[in-house]
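**Student:** What would the 3D arrangement of this be:
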Amino acid sequence: MFNKAFHLYYDGFRSMALGRTLWKLVLIKLFIMFAILKTFFFPDFLATNFSTDAERADYVLQNLTRIESDSNR
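**Tutor:** So this is what the prediction gives:
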């Protein structure tokens, strides 16, 4: 199933005149989203605010259970 879907898109882009340019744009956009934006706008909150894994786990557990209990009201 995935093989058929891959070949459908692969053949479609290969036969287009702008296919390679579109793939380059898609790859550049993904690189910008995941590499550049992640480093500047999404810092590692848990690593910077907590020193041990136990503290991180407690913080995550408290926030998950708090959000879950708030949504049940």
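**Student:** Scan the protein for its longest helix.
**Tutor:** What stands out as the longest helix in the chain, according to DSSP state H, is helix 53-71.
**Student:** so residue 46 touches residue 56, yeah?
**Tutor:** Yes - with contacts counted by Cβ atoms under 8 Å, residue 46 reaches residue 56, the gap being 4.6 Å. For every residue, glycine as well, the C-beta is placed using N, CA and C.
**Student:** Report all helices and strands that the longest helix of the chain contacts.
**Tutor:** Applying 3 or more Cβ pairs under 8 Å, 6 or more residues apart in numbering; DSSP states H and E, one finds that helix 53-71 contacts helix 45-49.
**Student:** other SSEs contacting the helix it packs on?
**Tutor:** helix 53-71.
**Student:** The helix it packs on - what's its average pLDDT?
**Tutor:** Averaged across helix 53-71, the pLDDT comes to 80.
**Student:** Pull out the buried positions in it.
**Tutor:** Within helix 53-71, no residue counts as buried by 16 or more other Cβ atoms under 10 Å.
**Student:** domain ranges for the protein?
**Tutor:** According to automatic domain parsing, the chain comprises the domains 1-42, 43-73.
**Student:** The one residue sitting closest to the centre of the chain and residue 28: what is the separation?
**Tutor:** Centroid-nearest residue in the chain: residue 34, 6.7 Å away (criterion: Cα atoms, centre = their mean). Shown here: residue 34 relative to residue 28, a distance of 11 Å by Cβ to Cβ, to the nearest Å.
**Student:** For residue 51, which three-state class applies?
**Tutor:** Secondary structure state of residue 51, per DSSP: H, G, I helix; E, B strand; the rest coil, is coil.
**Student:** Ignore what I typed, I meant residue 17.
**Tutor:** Under three-state DSSP, residue 17 comes out as coil.
**Student:** What is the neighbour count of it?
**Tutor:** Residues near residue 17, counting by other Cβ atoms under 10 Å, number 6.
**Student:** same deal with residue 37?
**Tutor:** If we define neighbours as other Cβ under 10 Å, then residue 37 has 11 of them.
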